[in-house]
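>>> give me a 3D structure for the following:
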Amino acid sequence: MLDVLPKILIELRDDVEVDALVDGRVRGWEPSPGDSQPAGSYKAFIVLVRLDAPRMVRAPLQTATFAVRCYGTDKANAYAVYAACSDAIHHIGPRLHANGLGIYLSLDDTGASQDADPVTKQPLETFVIRAAATTQAVA
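Model (predicted):
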């Protein structure tokens, strides 16, 4: 089965508005060393985590769901990172990636939820992306 997470991650990382805010710091699963900083030196970054990717029973399709944590330098910046991510992914139509993965639809499924990192207290906004995609390569 093809993994949707790397392609959604790349789509977010390649978006001009997202990149202007996070300078390429879009991660899968956990922050990279150097992303998390103490108060006063926060950097904006994004962490994308797969929640599930169930397959349809009779079609080579999956509905992948991801949690996206948008960390900001302050509360307003965290919301700006969320808004840029949402704009980059919400109701984006069909696209075919080089590995044959077809993503038919992606959307911001929940809107933003305000939070703070429990360890660093860095402001963040969390939302859920849902994507309908193929489970096998298509041409």
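>>> tell me which element the nearest residue to Leu101 once chain neighbours are set aside is part of?
Leaving aside its chain neighbours, Leu101 sits nearest to Leu2 (4.6 Å; criterion: Cβ to Cβ, 6 or more residues apart in numbering). (Each C-beta comes from the backbone N, C-alpha and C, glycine too.) When elements are assigned from DSSP states H and E, Leu2 belongs to no helix and no strand.
>>> what's around Leu2, how many residues?
21 (other Cβ atoms under 10 Å).
>>> what pLDDT does it get?
For Leu2, the pLDDT comes out at 92.
>>> next: Leu105.
96.
>>> I figured it hits Thr134, correct?
No. Under the criterion of Cβ atoms under 8 Å, Leu105 is not in contact with Thr134, lying 11.9 Å apart.
>>> which one's more surrounded, the two?
Thr134 (20 against 15).
>>> OK, contacts around that one?
2, 60-62, 100-104 (Cβ atoms under 8 Å, 6 or more residues apart in numbering).
>>> got a PyMOL select line for the buried ones in those residues?
To isolate the buried members of the contacts of Thr134 in PyMOL, using 16 or more other Cβ atoms under 10 Å:
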select buried, resi 2+61+62+101+102+103
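>>> related to what we said a few turns ago, what residues are up against the residue nearest to Leu101?
99-101, 133-137 are the contacts of Leu2 under Cβ under 8 Å, 6+ apart.
>>> now, those that are in strands?
133-134 (DSSP state E).
>>> farthest pair in the contacts of Leu2?
Asn99 and Thr135 (12.5 Å; Cβ to Cβ).
>>> that older thread, can you lay out the contacts of Thr134 as CSV showing distance to Cys85?
Listed next are the contacts of Thr134 as CSV, based on distance: Cβ to Cβ, whole Å:
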residue, distance to Cys85
Leu2, 22
Pro60, 28
Leu61, 24
Gln62, 21
Gly100, 25
Leu101, 20
Gly102, 22
Ile103, 16
Tyr104, 19
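>>> lowest average confidence, helix or strand, in the protein?
strand 95-96 (a mean of 94; mean pLDDT, DSSP states H and E).
>>> so how many other residues sit close to Pro118?
That count, for Pro118 with other Cβ under 10 Å as the rule, works out to 7.
>>> so what pLDDT did it get?
Reading off the model, Pro118 has pLDDT 93.
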